[in-house]
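> need the 3D shape of this:
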Amino acid sequence: MPYHPGRLSAEPQSRWLPVAGGRLHYWRMGRGPRVLVMLHGFADSGLLFEQLMPELARRYTILAPDLPAHGRTMWQGEWRPSDLSAWIEALLQQEGAARWELGGYSMGGRLVLCVLPLLARPPERVWLLAPDGIGTRWVTLLDAVPLWLRRACRPLLLRPAALMGVARVLFAVRLLDRWTWFFLRYQLHTMPRRRRLADTWCALARFKVRWRRLHPLLADMKGRVSLVMGQNDPLVRRAAVERFAARTDLPLVWLPAAHDDLVGEELARWWADRASANG
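Numbers count the residues shown, from 1 in each chain. The predicted model follows:
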């Protein structure tokens, strides 16, 4: 369907994209002239970005897919960066978008960093919102787990009594932080959540950021990449994030937010001001 910004409603519209192996569901929202593809974080859906609409609806048309194991997307099995690249290209073609921007929040930010070198049509701008893998606690350790071992550990996630017993002891002796403890309690509480966690953890084994390949791309996009973090984010080490921003020469913005509430009114207002400044 050709892209006609003046005819679109700001209300989220449920859309489907047939892909090899399943059907990708995405949300289209806003009525602005700029097309923005946004990737959500773990345990979210594309509808997360509706919170940005009060400020961005006139500037952007957001296309926000539900990632596999999330939302309404129908997909079986593991997926790769090449799959994500193909889905984004197919999404842009279906919407008739020639010029576009790309953003991601949390896990979605990590996916953006992984897929960026593979895109046939590079985005005009990139928005990284508390991206997983940049100063994130535990990620270095978790990334070291190979795919075969993740698959072997899958039964522990689906039947987590033993795992939660160990986590309870680690939390009691303060070797496990409060955020991670509550994360595990919530995500392992029901079978659908366990499957989502297991499927996503296995898929992420293929989404490792290739920094040597990525740094030249970020340098070429200087001035067109924004890194936004929450000042009260318990998941990140601020010094590590600042070192990354300095090394890659990226503008770093700290907003008064934690991790889970970064996508909200404060971000929307900042984004609208930044979009106005860029014309």
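
> quick one: mean pLDDT over the lengthiest strand in the chain.
Longest strand of the chain, by residue count under DSSP state E: strand 22-30. For strand 22-30, the mean pLDDT works out to 96.

> other residues contacting it?
Strand 22-30 is contacted by residues 8, 10-18, 45-47, 49-50, 53, 56-66, 68, 71-76, 87, 91, 95 when judged by Cβ atoms under 8 Å, 6 or more residues apart in numbering. (Each C-beta comes from the backbone N, C-alpha and C, glycine too.)

> just checking: what are the partner strands of the helix or strand that it is followed by?
Downstream of strand 22-30, the next assigned helix or strand under DSSP states H and E is strand 34-39. Sheet pairing of strand 34-39 (DSSP bridges) gives strand 60-65 (parallel), strand 100-105 (parallel).

> which parts of the helix or strand following strand 34-39 are buried?
For strand 34-39, the following helix or strand on the C-terminal side (DSSP H and E) is helix 53-56. Neighbour-count burial for helix 53-56, counted by 16 or more other Cβ atoms under 10 Å, picks out M53, E55, L56.

> avg pLDDT for helix 53-56?
Mean per-residue pLDDT for helix 53-56: 93.

> please apply the same query to stretch 62-77.
Stretch 62-77 carries an average pLDDT of 94.

> how far does it sit from its chain's centre?
Centroid separation for stretch 62-77 versus its chain: 12 Å, with Cα atoms, centre = their mean, to the nearest Å.

> how about that stretch: buried residues?
62-73, 75.

> list just the nearest of these to A240.
A240 has its nearest neighbour among these in L67, at 25.4 Å by Cβ to Cβ.

> is it true that the closest one touches S106?
No. In terms of Cβ atoms under 8 Å, L67 does not count as a neighbour of S106; the distance is 11.4 Å.

> where do the contact lists of these two overlap?
Shared contacts of L67 and S106, defined by Cβ under 8 Å, 6+ apart, are found at H40.

> can you map out the helices along this structure?
Using DSSP state H, the helices assigned to the chain run over residues 53-56, 81-95, 107-115, 139-143, 147-158, 161-172, 178-187, 191-204, 211-220, 238-248, 265-278.

> in terms of mean pLDDT, which of those ranks lowest?
helix 139-143 (a mean of 73).

> please identify the deepest-packed of the helices of the chain.
For the helices of the chain, the largest average neighbour count (mean count of other Cβ atoms under 10 Å) is found in helix 107-115, namely a mean of 25.

> that older thread, to P117, which of the strands paired with strand 34-39 lies closest?
That would be strand 100-105 among the strands paired with strand 34-39, by Cβ to Cβ, at 12.4 Å.

> distance from the chain centre to that closest one, please.
In terms of Cα atoms, centre = their mean, the centre of strand 100-105 is found 9 Å from the chain centre.

> hmm, who's touching that strand?
For strand 100-105, the external contacting residues (Cβ under 8 Å, 6+ apart) are 34-41, 44, 48, 60, 88, 92, 109-113, 116, 119, 121, 123-131, 262-263.
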